[in-house]
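*Asks:* Task: produce atomic coordinates for the following.
(2 chains)
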Protein chains: 2
Amino acid sequence: MATDFTEDTATAAVVESFSKTPDPRLREILGSLTRHLHAFVRDIEPTTQEWEQAIAFLTATGQKCDATRQEFILLSDVLGVSMLVEAINDRKAAAATDSTVLGPFHVVDSPPRELGDSIDLLDTGEPCVVTGRVVSVDGTPLPRALVDVWQCNEDGFYDVQQPDLQPLGNGRGLFTTDAEGAFLFRTIVPSYYPIPTDGPVGDLLAAGERHPYRPAHIHFIAGAEGHAPVTTHIFVAGSPYLESDAVFAVKKSLVEEFSVVDDPVQAAAYGVANPFRLANFDIVLQSS
Amino acid sequence: MATDFTEDTATAAVVESFSKTPDPRLREILGSLTRHLHAFVRDIEPTTQEWEQAIAFLTATGQKCDATRQEFILLSDVLGVSMLVEAINDRKAAAATDSTVLGPFHVVDSPPRELGDSIDLLDTGEPCVVTGRVVSVDGTPLPRALVDVWQCNEDGFYDVQQPDLQPLGNGRGLFTTDAEGAFLFRTIVPSYYPIPTDGPVGDLLAAGERHPYRPAHIHFIAGAEGHAPVTTHIFVAGSPYLESDAVFAVKKSLVEEFSVVDDPVQAAAYGVANPFRLANFDIVLQSS
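*Replies:* Coordinates of the predicted model:
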């Protein structure tokens, strides 16, 4: 091994240092990390001060994290890494529903609800009905599929962000499809909202004159026996920021019309005030 | 702007999102970061679980940092990034003394000492004399040059790591060269030592079956009016780990003989016990 670590020998020396890593996958990852990280450094040739700023930024990002805040996931999101990893792990049949990011606001124990129930426990927004079916790629309905949904309120906040203002479970529900694979729930129209900006990632967006907003959306995780589950959103057509989601999560196939329905009979049938908004989202799962 | 974020469009979309960054240097850095980070992700195609492990590793690294511990610098060190940045910022005349990493144990206020003083306040190691001259690239001696030195004790610990066992300033001194540019100080021979291994970086080294040791060395920062300062080490020839420094900081030009001198007359002249070790290090500064 060379004693001299120079610009010429640097990358090979570090890759070589990881060559005895017993786990072959970890060895591959560390070698690739070294090559790409060094290529980045060689490309920008940071000054010592810039290197110190990078160390300070990464340190502040780690120190911003706590039980309810994950600033490194936020960083991965705004750099498009989360969506790229999602895309790489979602190379499936074109007919299957596209996936998108999970985001930081999912909870493990979503409250089970009956079809037709409302996930809005506060009755403060624009009433909305969401219908849909879970089907296989060949169109076969999937009864007893689980549909886990969560969304923010009309002000753009999730229940876990406002423990004093929203009961836990507001905007959340775990539904089970009927014999035809159908689901239906009542809610309010979600709002667009900013990702948290009071940390290093907010500073980064500000320095790049990037806005922090996400277009209005409802999160879904749908799964059925014998099928690969999908983590996705539906986006509200016409929402601001559909063309510039701060975390790059929009796919055209996931933008749905939330049509205005002014029909007292339909409203009464769904159990919502008139007029209301109606969206449909069919979820196509690939066999596992 | 495209609404669809796919594997094909991902990198261009994120680079584009930073295109309005007012600071042109920051815009360049964020574009390059995005391209290299995405290239890394495309190369290794991480599973969702591997991505989660990376987030957890970075978070733990940030949270390990405190007033006296900088785990992200340690990570930069063991990935060879610190030395690569150092090398890029040290493209100077071949005749000038090579630089190497600053490391985490420098203090701003090194105690000023007289030429010939000892930086060893505890008298517990193998006695050692270090001599040298600070000169310009053309050989001109540089009087009144400042030579800031610091080193660990014979057990491999710096004063700041052992506040209960070592007085602050042990192993440190700020010297001023004489009319011939010469300096001389007494000390003990430093030991090789491990970088801290009780954090995520220690876990990384263990997973790669890499040892955490640095070969024995004395740190120097030398500066003189009209010249660029140099941050460097001298390494003790024959020390273990000279060929495999955990932070890649060794350069052949910085390895110096610490010769054993068994000569009561010389020992008395230097004011050290006999036998002792003697090292010489001439420092060549480039005009600024």
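
*Asks:* where exactly do the strands run in chain A?
*Replies:* Using DSSP state E, the strands of chain A run over A:127-136, A:146-150, A:172-176, A:182-188, A:193-194, A:213-214, A:217-223, A:230-236, A:255-256, A:259-261, A:276-280, A:283-285.

*Asks:* export those to TSV and tack on mean pLDDT and mean neighbour count?
*Replies:* Yep, even glycine has a C-beta here, placed from its N, CA and C like the rest. Output for the strands of chain A, formatted as TSV (pLDDT from 0 to 100; neighbours: other CB atoms under 10 Å in any protein chain shown):
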stretch	mean pLDDT	mean neighbour count
strand A:127-136	98	22
strand A:146-150	98	22
strand A:172-176	98	21
strand A:182-188	98	21
strand A:193-194	96	18
strand A:213-214	97	24
strand A:217-223	98	23
strand A:230-236	96	25
strand A:255-256	96	18
strand A:259-261	97	13
strand A:276-280	98	19
strand A:283-285	97	24
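
*Asks:* Near chain B, which residues of the stretch 101-250 of chain A are found?
*Replies:* Contacts of the stretch 101-250 of chain A with chain B, taken as CB under 8 Å from any CB of the partner chain, map to A:A207, A:G208, A:E209, A:R210, A:L242, A:E243, A:S244, A:F248, A:A249, A:V250.

*Asks:* Which members of these are the farthest-apart pair?
*Replies:* Distance extremes for those: the farthest pair is A:A207 and A:L242 at 24.3 Å, using CB to CB.

*Asks:* Can I get the strands of chain A in a markdown table including distance to B:T232?
*Replies:* Listed next are these as a markdown table, based on distance: least, CB to CB, whole Å:
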| stretch | distance to B:T232 |
| --- | --- |
| strand A:127-136 | 66 |
| strand A:146-150 | 56 |
| strand A:172-176 | 59 |
| strand A:182-188 | 65 |
| strand A:193-194 | 47 |
| strand A:213-214 | 49 |
| strand A:217-223 | 54 |
| strand A:230-236 | 52 |
| strand A:255-256 | 59 |
| strand A:259-261 | 71 |
| strand A:276-280 | 66 |
| strand A:283-285 | 62 |
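
*Asks:* Taking the centroid of chain A, which residue is nearest it?
*Replies:* A:V101 (2.7 Å; CA atoms, centre = their mean).

*Asks:* which residues does it contact?
*Replies:* A:D77, A:S82, A:M83, A:E86, A:T231, A:V247, A:A249 (CB atoms under 8 Å, 6 or more residues apart in numbering or on different chains).

*Asks:* pretty sure A:L79 is touching B:R35, no?
*Replies:* No. Using CB atoms under 8 Å, A:L79 makes no contact with B:R35, being 10.9 Å away.

*Asks:* ok, the two, which is more surrounded?
*Replies:* Each of A:L79 and B:R35 has its neighbours counted (other CB atoms under 10 Å in any protein chain shown); A:L79 has more, 23 against 18.

*Asks:* and the gap between that one and chain B?
*Replies:* 6 Å (CB to the nearest CB, to the nearest Å).

*Asks:* Then A:Q53?
*Replies:* Taken as CB to the nearest CB, the span from A:Q53 to chain B is 10 Å.

*Asks:* Low-confidence stretches in chain A?
*Replies:* For chain A, residues meeting the criterion pLDDT under 70 lie at A:1-3.

*Asks:* check contacts around the residue of it found nearest chain B.
*Replies:* In chain A, the residue found nearest to chain B is A:G62; the distance is 1.1 Å by CB to the nearest CB. With contact set as CB under 8 Å, 6+ apart, A:G62 has these partners: A:E71, A:F72, B:L58, B:T59, B:A60, B:T61, B:G62, B:Q63, B:C65, B:F72.
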